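**Q** got a predicted structure plus its sequence, pasted below:
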Amino acid sequence: MRIAFISPFFPLKGGIARFSGLLRDALQCRGYDVTAFPFRALYPEFLLKSGTEVFYRADRAFFKGARLVLFNPLSWFGAIRLLRSLKPEILLVAYWTGFLAPLYYMVRRLTGIRMVVLLHNLSSHESFLSEHLMQKLLAASADGFVTLSDAVTQQVRASMPEIPLLQLFHPLYEPDGEMPCVQDARRELNLDLQSPVLLFFGYVRRYKGLDTMLHAMPAILQKEPLLRLVIAGQFHEDAGSYRRLVAKLGIGGNVDIYPGYVSAERSALFFAAADAVVLPYRNATQSGVVQLAYGHGLPVIVTPAGALPEMVGHGKTGWVARDCSPEGIAEAVGDFLDSHKRLDLEPMRPAIEAFCCDFSWKAFAEAAGCFLEEVAAGK
């Protein structure tokens, strides 16, 4: 089966680009003929904050074959012409924001090729006024949906119940190379070997609740004064406001901030140094950070936001806070600290490894491929 896959791909940054590259490879391993239609750019550079360039400057040559610029509708017609000439049997498109809906509507209408939408999110994390209209356009374009969480599945079934849907999962992200040992990683990051280390990883946006985590820190430090919180990721908000909050709370000696995009190679350093990964989200559908943590063998501490609890076996692969408040997070971290002191983290590793086996890219590609074949056949 010939599949055309419209999505961000490397060297665009972020979890969706990484997800799409791994899914393309997994589908090809199953024998499908997958043609990637990557974006040259998603957003105008003047809209992006310093340090969040649209693509790696050093890799411009990669984009010679990339026709799509999301904010330039003229670029869409070149991709549509190419799709018409290639005549794939099915379109697979990644969706996470309403800004994509007009593009996918035009592609579906002007090519006539049946389309399956891979839904990372149905509603954007940062909502906008015309989002309801964009979802109507999406419904008019989609011949099928693949979702990654029960939370998104329920949203789709409530608003578009007539469209076929397959609920899958977010597969694991395993280390790209050899992991450094704990001693080397902590030495490079100036972390004490005996201190419990929590990692907040990835893009910093308001919905991810880093400020809530910082507000929880004073209570956490009363229980364990040596604990360190490492923050590694690109800020989509004013990083200075977080630094000021750290100073105001008097927790500067326990918080390390590494701003900027973290490459896959460098991320191994942060995960190797950590004892657990924290996701203090205000809201979420699912998160690739959980899969990154599990892929590196680490437990997670999450809030009960969206689909995050679906991904955590409480007390087995991590801890789920009772709510999204600083108090709830501090209590969950306290459970982690109790396990850390009793050396109870090691028995979690078999449960995390079992999770990794169940949520592989091979299993995802097998189920998704069968669904794509059914939609392509009009079933």
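**A** That came in fine, so what should we check first?
**Q** what pLDDT does the model give residue 232?
**A** We have a pLDDT of 95 for residue 232.
**Q** next one: residue 56
**A** At residue 56, the model reports a pLDDT of 36.
**Q** same check on the one 3 residues further on?
**A** The predicted structure scores residue 59 at 43 on the pLDDT scale.
**Q** next: residue 14.
**A** 78.
**Q** burial measure for the nearest residue to it once chain neighbours are set aside, as a count.
**A** Of all residues not flanking residue 14 in the chain, residue 8 sits nearest, at 6.8 Å (Cβ to Cβ, 6 or more residues apart in numbering). C-betas here are computed from N, CA, C, even on glycine. Neighbours of residue 8 under the rule other Cβ atoms under 10 Å: 25.
**Q** then residue 352?
**A** 21.
**Q** that one and residue 317 touch, don't they?
**A** Yes: between residue 352 and residue 317 there is a contact under Cβ atoms under 8 Å: 5.2 Å.
**Q** circling back: please name the residues that touch the residue nearest to residue 14.
**A** Contact analysis of residue 8 by Cβ atoms under 8 Å, 6 or more residues apart in numbering lists 14, 16, 17, 20, 38, 39, 42, 94.
**Q** all strands of the stretch 251-379 of the chain, in order?
**A** With DSSP state E, counting those that start in this stretch, the ranges of strands along the stretch 251-379 of the chain come out as 255-259, 276-279, 300-302, 318-320.
**Q** quick one: residue 200 and residue 243, what's the gap?
**A** Distance, residue 200 to residue 243, by Cβ to Cβ, to the nearest Å: 14 Å.
**Q** quick one, which of these two is more surrounded?
**A** residue 200 (24 against 14).
**Q** and the residue lying closest to the more buried one once chain neighbours are set aside, what are its bridge partners?
**A** Excluding the flanking residues, the one nearest residue 200 by Cβ to Cβ, 6+ apart is residue 231, at 4.7 Å. For residue 231, the beta-bridge partners are residue 200, residue 257 (DSSP bridges).
**Q** residue 231 contacts residue 258, doesn't it?
**A** Yes: counting by Cβ under 8 Å, residue 231 touches residue 258, with 6.7 Å between them.
**Q** what about those two, which has more around it?
**A** residue 231 (24 against 14).
**Q** in stretch 173-189, what's buried?
**A** 173, 174, 175, 179, 180, 185, 186, 189 (16 or more other Cβ atoms under 10 Å).
**Q** which one of the residues you listed is nearest residue 329?
**A** Of all these, residue 329 sits closest to residue 189, with 22.6 Å by Cβ to Cβ.
**Q** that's all I had, so thanks and see you.
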